[in-house]
Structures are given as structure tokens and as C-alpha cells.
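J.: Have a look at this prediction, sequence included:
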Amino acid sequence: MLFDKGYIANYKFEDNGPQGIIKVALKYHPVTKIPAIRTISRISKPGLRKYAGTANMPRVLNGLGIAILSTSKGVMTDKEARVQNVGGEVLCFVY
């Protein structure tokens with residue numbers, strides 16, 4: 001999902017025994033070297049789950065960032081959830 005939205009450059013799954021490893025190459029601006037992901041903040045926590053319906057879907061930085069939601073139709077961004085008219089658990093904000 002973050003690869004499709006342009007926040008990471010590449011990713012690779014490596015199989016090392018019983019636990020696999022995911023290697024992620026972060027994306028940076030070519031001239032200024034500013035990272036594409038400035039902040040990832042976890043919203044829903046094990047002790048306090050946060051849910052959002054279609055009416056009160058969060059907007060991150062007035063639409064410049066994305067919220068990642070876990071819905072009944074799978075994990076998706078806030079914009080995709082609005083289009084499909086589903087709500088769910090707000091996992092994190094990325095901007």
C-alpha cells in the first residue's frame with residue numbers, strides 16, 4: 001500500500017528460517033534528501049481501539065497524508081474506504 005502511494009521506493013521478502021524478513025527501501029527526494037515518510041503515528045492501540053465510520057472518516061493533513069484502515073473488505077486507505085463506503089479500525093496516519 002505504501003509502495004503504491006509512493007512513500008517507499010522498494011521492498012523485498014527474504015526467507016530466513018522460521019521467521020521471514022521484509023527489507024524496505026525508503027524513498028527520498030533526489031535533490032533535498034528529505035524522506036517521503038516524515039511521520040507514522042499509530043492511532044489504534046491494543047488497549048484502546050479507534051473506529052471510524054463513513055461519516056467521520058479522518059483526513060490527514062487536509063488530504064495530503066493517508067490514514068490506513070482495517071475494514072471488512074481488507075486493509076485500505078481512507079480515500080479508498082470513502083469510495084467503497086466502508087468504515088473500520090484506524091490503524092495509523094502516514095504523512
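T.: Here it is on my side, so go on.
J.: how about the strands of the protein, start to end?
T.: Applying DSSP state E to the chain gives strands spanning 8-16, 19-26, 40-42, 51-52, 66-71, 74-77, 88-94.
J.: Please work out which of the ones you listed is packed deepest.
T.: By mean neighbour count, with neighbours taken as mean count of other Cβ atoms under 10 Å, strand 66-71 ranks first of the strands of the chain at a mean of 21. Where you see a C-beta, it was placed from the backbone N, CA and C, and this is true even at glycine.
J.: what's the angle from that strand to strand 88-94?
T.: On the basis of axes from the mean of the first three to the mean of the last three Cα atoms, to 10 degrees, strand 66-71 is oriented at 160 degrees to strand 88-94.
J.: Take the strands of the chain and lay them out in TSV including distance to I34 and mean pLDDT.
T.: Listed next are those as TSV, based on distance: least, Cβ to Cβ, whole Å; pLDDT from 0 to 100:
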stretch	distance to I34	mean pLDDT
strand 8-16	14	93
strand 19-26	11	93
strand 40-42	15	97
strand 51-52	29	97
strand 66-71	18	97
strand 74-77	22	97
strand 88-94	15	98
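J.: With distance to V60 added, can I get those in CSV?
T.: Compiled in CSV, the strands of the chain are given as follows (distance: least, Cβ to Cβ, whole Å):
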stretch, distance to V60
strand 8-16, 17
strand 19-26, 19
strand 40-42, 9
strand 51-52, 12
strand 66-71, 5
strand 74-77, 10
strand 88-94, 5
